[in-house]
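Asker: below is the sequence, then the predicted model.
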Amino acid sequence: MIAQINIDYTLCKDPLSCRKCLSVCPSVVFVCGPTKVWKGRETDLSEYKIVGRYFDKCSGCGDCVKSCPTDAINLEFLLREQLAQKFREERATQLRERNV
Ligand code: SF4
Ligand code: SF4
């Protein structure tokens, strides 16, 4: 089983100030970075997001979920094939949206 870490960005609005999930995670699964890089201007602080990037390292301890003050993190566990299928569907949706 592989962890899928979903973050509700309507609840996680200021990750740069908070970063509690990032601090408590023993497996260093989370990264916080800009969603866009602009040429010639600094990235606005509101454009930073926290994501569970190295989810294959997640042990499922649940510390991030417990530490989040806004209940923005949802953990779900999927079989490797289910996860691959989910990624294929997300990718197909992205490609369809680009071609609209
Ligand atoms: S469940 Fe534990 S190991 Fe997994 S992302 Fe959260 S804190 Fe890190
Ligand atoms: S602990 Fe919750 S609110 Fe804080 S940065 Fe992580 S996901 Fe966002």
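Answerer: Here it is on my side, so go on. Ligands and ions are numbered 1, 2, ... in the order given.
Asker: please list the residues of this protein that sit near ligand 2.
Answerer: Contacts of the chain with ligand 2, taken as CB under 6 Å from any ligand atom, map to 7, 12, 15, 18-21, 50, 67-70, 72-73. Any C-beta I mention is one placed from the backbone N, CA and C, and that applies to glycine too.
Asker: run the chain-centre distance for whatever helix or strand Glu89 lives in.
Answerer: Using DSSP states H and E, Glu89 sits within helix 80-98. In this view, helix 80-98 has its centroid 16 Å away from the chain centroid, taken as CA atoms, centre = their mean, to the nearest Å.
Asker: count of neighbours near Val51?
Answerer: Val51 has 16 neighbours, counted by other CB atoms under 10 Å.
Asker: pretty sure it sits against Thr35.
Answerer: No: assessed by CB atoms under 8 Å, Val51 is found out of contact with Thr35, at 9.4 Å.
Asker: for stretch 36-47, what does the pLDDT average out to?
Answerer: For stretch 36-47, mean pLDDT rounds to 81.
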